[in-house]
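>>> Need a 3D model of the sequence below.
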Amino acid sequence: MDSSKPAKAVKNVVETAAEKVSDVLTNDVPGEPGSAPPPIEEPTTPHDPLPPKKEQGAPETRTPTGARTGAPATANGQQGAYLTTAQGARLRDTDHSLKAGPRGPTLLQDHHLREKIMHFDHERIPERVVHARGTGAHGVFTGYGNAEELTRAGFLHRGKETPVFVRFSTVLGSRGSADTVRDTRGFATKFYTDEGTFDLVGNNIPVFFIQDAIKFPDVIHAGKPHPDREIPQAQSAHDTFWDFVSLHTEAQHHTMWNMSDRGIPRSYRTMEGFGVHTFRLVNAAGETVLAKFHWKPKLGVHSLTWEEAQLLNGIDPDFHRRDLYDAIEAGAYPEWELGLQVFPDTPEETFAGIDLLDPTKIVPEELAPVQPVGKLVLNRTPTNFFAETEQVAFHVGHLPPGIDVTNDPLLQGRLFSYLDTQLTRLAGPNFPQIPINRPHAPVNDMLRDGFHQQAVHAGVAPYRPNSLDGGNPFPAGDDEHAFLDVPVTVAQAPKVRANPASFDDHYSQARLFWLSMSPVEREHIIRAYTFELGKCYHQAIKERQLRALANIDPVLCEQVATGLGLPAPEPTLPLADVAPSPALSQVGRTWPGDGRMVGIVVDADSDLDGVGTVRRAIFSAGMVPLLIAAHGGTVGGETVQRTFATGRSVEFDALLLAGAPAPAPDAIPARDAKAGAADSVAVDPRVLLLVEECWRHAKAIGAWGAGTAVLRQVGVAGSPGVVERESAADTFTEVQRLMSAHRVWERFPASVG
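Coordinates of the predicted model:
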């Protein structure tokens, strides 16, 4: 065999793999782990690495200084057919260390063992202090062109397409924690603009716990696991968190958002994003305005129920990550519109009496509408999670010309912190040269050396002014799109450790949020406060937080106090007179169902023609049907994706019943705890549990034919959102209509107004 390239057989293997990948493209049910189906026997014919899966992408191949290489994205991946050392020397064996005889000691000269173990020992890097648990995806942002009067930032020009990488995350948990905990979510977007990288580092909640960055260690230390036992993980339902927020009442507004359904989003795809801070925009004429950034999801803002979140933490702790990647693989690309709330740039930096520099305040959309200025589409998953999602580094100071910061004291501290953390986490100052972080604009920064320097800088004069390098690099002016630090006048004032008086209002906007909620959302907030405070050990902390709730709303305080078995205190401040903001509620509108999962219970006696019809209708609606049966394989020629043993209600957004399956052989408690203690039911008890849970979680349920008997056995027939029709098509049509509202909330009338 020619040692420089694989044999002709290699080409055949790769071509066969490519054909298999093509076949995968027609498979509408996501979840295929590799780019080609594996054979039963171990492959032994050498061939080049298989191509990536159809939905995978990788960072564009750029040099460390931003130049295009012209190489495909796969050029950063492994090359060749044969196992090698890190230096490219081919290896015969990687299963046995070099020994002095088969039973002798391992020899120190085994350089392959040394290299392999050394690299393994150092595979992990420090996780992020916050936002450690995250996932990311590639996409493209397209400007609408209507922001050109506000900012000179080129990525917002009409039709301008800019590559992006987005990382979603939770705040409190470690990398190994679960996705669906009650927590704030990060929504960080890296725009690879041709004027320099822009990082919009936001959250799914528009306000923060604190007003000044100097308190950031305090709130995170309070929210993190207790230092003596390292529990509880990834949650705020414990004494140190509530001790802090009940004493530090500026945190009450953010806490209210966290206790609402916003704290347990249904999906990253159904989550809003906010830049939190107020930024300053400057246009080509040098005119400025103040602005807040918003991400609005195409699918609307939806959440899990609390029981769903708890079940998912055990059943599928990767639920949000899986949902995002499955949607992209299925072609249901997540979309958001980027919007701006715009305010005059006045010396007071306030709007409608709201201090725009206070990161614990919002400006209701009814006072300042969100103006869409572009669209984000996520269409590629990472090729390598560590290289891309884990090594991506964001910084609020990565700004393009046309966007500048304000004096928000939380933002000012973040400008220091984000750079500082990369020095430890990514081992030095050259983290912008990691492929996922490389800018798509030319870099000539005069920064040199340091850990992991990948550029090979020419010249002898990395300083200015110089003549030895012909004066290069030269400063840029306005005509060359230079970044402009807006020359804002700084008022003369003494040095003080203090906040402006306008920061002192800690309750009015928490009350505004509460009054803006629908009755069912208020029920969920009451339940969340009751659960979280019920987990606290000390009564004094519960009583102190109830005092804070009394200053927000007496009904909220009374209901939580009742759940805790404590008296409701009286307010210590007059209740704020605020107008509700309907834009804050998640309930009352309808949305597309792209990427939603519909479970279909089938057995051999089901209306299988109807099943085929409804599967096609679900695919046509941009959703994914998953067949659930007693066993794997096929039923009536249709492929089964879930079994009664492996499926659970939390996977599905709606449930269809095409049959009433009798108990399967494994429907016994010794084999599957979900079978329960029932031994004389006509329907498999796990199907009954599936229906009961979907009903409890306010999901749409439909049945036709034999499936209607299941509804009667569970006792849910005729209740709101439970559909019975003559045909499969008619059943799904009504279920699809119900799904557009996300849930059937009228099934459970609220007790609070």
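>>> So what's the residue count around residue 671?
12 (other CB atoms under 10 Å). For the C-beta atoms, the positions are set from N, CA and C on the backbone; glycine is no exception.
>>> Look at the residue lying closest to it once chain neighbours are set aside and give its secondary structure.
Among residues not flanking residue 671 along the chain, residue 645 sits closest, at 7.8 Å (CB to CB, 6 or more residues apart in numbering). Assigned state for residue 645: coil (three-state reduction, DSSP: H, G, I helix; E, B strand; the rest coil).
>>> got the contact list for residue 645?
Residue 645 is in contact with 666, 671-672, 674, 686, counting by CB atoms under 8 Å, 6 or more residues apart in numbering.
>>> which stretches of the stretch 651-753 of the chain form helices?
Chain-ordered helices for the stretch 651-753 of the chain, with DSSP state H, counting those that start in this stretch as the definition, fall at 685-696, 708-714, 728-739.
>>> which one of the ones you listed is the most hemmed in?
helix 685-696 (a mean of 22; mean count of other CB atoms under 10 Å).
>>> Poorly predicted segments of this protein, please.
1-27, 677-680 (pLDDT under 70).
>>> any idea which residue sits dead centre in it?
Here the mean C-alpha position of the chain is nearest to the C-alpha of residue 168 (CA atoms, centre = their mean), at a distance of 3.1 Å.
>>> how near is the residue sitting furthest away from the middle of the chain to residue 637?
The centre of the chain is farthest from one residue, residue 101, which by CA atoms, centre = their mean lies 53.0 Å away. Computed with CB to CB, to the nearest Å, the distance linking residue 101 and residue 637 is 59 Å.
>>> Look up the closest residue to the residue nearest to the centre of the chain, ignoring the ones flanking it.
That would be residue 268: by CB to CB, 6+ apart, it lies 4.5 Å from residue 168.
>>> Would you confirm that the one you found contacts residue 336?
No: counting by CB atoms under 8 Å, residue 268 stays clear of residue 336, with 10.2 Å between them.
>>> Need the residues touching each of those two.
By CB under 8 Å, 6+ apart, no residue touches both residue 268 and residue 336.
>>> My read is that residue 66 contacts residue 437, right?
No: using CB under 8 Å, residue 66 is not in contact with residue 437; the gap is 11.0 Å.
>>> Please identify which of those two sits among more neighbours.
Taking other CB under 10 Å, residue 66 and residue 437 do not tie; residue 437 has more neighbours (25 against 20).
>>> I'd like the distance between the closest residue to the more buried one other than its chain neighbours and residue 295.
Excluding its sequence neighbours, the residue lying closest to residue 437 (CB to CB, 6+ apart) is residue 393, at 5.3 Å. Distance, residue 393 to residue 295, using CB to CB: 20 Å.
>>> Over to residue 476?
31 Å.
>>> So if I had to pick from those two, which one is more boxed in?
residue 295 (21 against 11).
>>> hang on, the earlier thing: with distance to residue 315 added, can I get the helices of the stretch 651-753 of the chain in CSV?
Below are the helices of the stretch 651-753 of the chain laid out as CSV (distance: least, CB to CB, whole Å):
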stretch, distance to residue 315
helix 685-696, 11
helix 708-714, 21
helix 728-739, 22
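>>> what's the closest of the ones you listed to residue 580?
Residue 580 lies closest to helix 728-739 among the helices of the stretch 651-753 of the chain, at 26.5 Å (CB to CB).
>>> Counting by contacts, list what that closest one packs against.
Other helices and strands packing on helix 728-739, by 3 or more CB pairs under 8 Å, 6 or more residues apart in numbering; DSSP states H and E, are helix 608-620, strand 654-657, strand 700-703, strand 722-724.
>>> Pull the contacting residues for residue 158.
143-146, 148.
>>> what do you get if the cut-off is 7 Å, keeping everything else the same?
143-145 (CB atoms under 7 Å, 6 or more residues apart in numbering).
>>> Count the residues that sit near the nearest residue to residue 265 once chain neighbours are set aside.
Leaving aside its sequence neighbours, residue 265 sits nearest to residue 271 (CB to CB, 6+ apart; 4.4 Å). Per other CB under 10 Å, the neighbour tally for residue 271 reads 24.
>>> hang on, residue 271 packs against residue 264?
No: Residue 271 lies out of contact with residue 264 (CB atoms under 7 Å); the separation is 10.6 Å.
>>> Quote the end-to-end distance of stretch 252-270.
This stretch, stretch 252-270, spans 25 Å end to end (CA to CA, to the nearest Å).
>>> Residue 711 is in contact with residue 721, isn't it?
No: in this structure, residue 711 is not within contact of residue 721 by CB under 7 Å, at 11.5 Å.
>>> Show me what counts as buried in stretch 217-225.
Within stretch 217-225, the residues that count as buried by 16 or more other CB atoms under 10 Å are 219-220, 222-225.
>>> out of these, which are inside helices?
The members of these that map onto helices under DSSP state H are 219-220, 222-223.
>>> Need these in JSON lines (columns: distance to residue 48).
Listed next are these as JSON lines, based on distance: CB to CB, whole Å:
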{"residue": "219", "distance to residue 48": "51"}
{"residue": "220", "distance to residue 48": "46"}
{"residue": "222", "distance to residue 48": "52"}
{"residue": "223", "distance to residue 48": "48"}
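>>> Pick out the most distant pair among these.
220 and 222, at 7.2 Å, using CB to CB across those.
>>> ok, back up a step: for the residue nearest to the centre of the chain, phi and psi?
Phi and psi for residue 168, reported as degrees, to the nearest 10, are phi -100, psi 150.
>>> how close does it sit to residue 437?
Residue 168 is 18 Å from residue 437, by CB to CB.
>>> got it, and residue 530?
On the measure of CB to CB, residue 530 and residue 437 end up 44 Å apart.
>>> what's the answer for residue 242, then?
38 Å.
>>> One more: residue 265?
According to CB to CB, residue 265 stands 27 Å off from residue 437.
>>> Isn't residue 84 up against residue 78?
No: under the criterion of CB under 7 Å, residue 84 makes no contact with residue 78, lying 9.2 Å away.
>>> before we move on, back to that, can I assume the residue nearest to the centre of the chain is in contact with residue 189?
No: counting by CB under 7 Å, residue 168 sits too far from residue 189 to count as a contact (10.0 Å).
>>> Which helix or which strand is home to the closest residue to residue 509 other than its chain neighbours?
Distance criterion CB to CB, 6+ apart; nearest residue to residue 509, sequence neighbours excluded, is residue 253 at 4.8 Å. Per DSSP states H and E, residue 253 falls inside helix 252-259.
>>> What residues of that helix count as buried?
Neighbour-count burial for helix 252-259 flags 252-259 (criterion: 16+ other CB under 10 Å).
>>> can you put those in CSV and add distance to residue 246?
Listed next are those as CSV, based on distance: CB to CB, whole Å:
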residue, distance to residue 246
252, 9
253, 14
254, 13
255, 9
256, 13
257, 16
258, 14
259, 13
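>>> for those, which one is nearest residue 139?
For the buried residues of helix 252-259, the nearest to residue 139 is residue 257 (26.1 Å; CB to CB).
>>> tell me the contacts of that closest one?
Per CB under 7 Å, 6+ apart, neighbours of residue 257: 205, 207, 513.
>>> same thing with residue 687?
Residue 687 touches 601, 644, 661, 710, counting by CB under 7 Å, 6+ apart.
>>> Show me what secondary structure element comes after the longest strand belonging to the chain.
Longest strand of the chain, by residue count under DSSP state E: strand 371-382. Using DSSP H and E, the helix or strand that follows strand 371-382 in sequence is helix 385.
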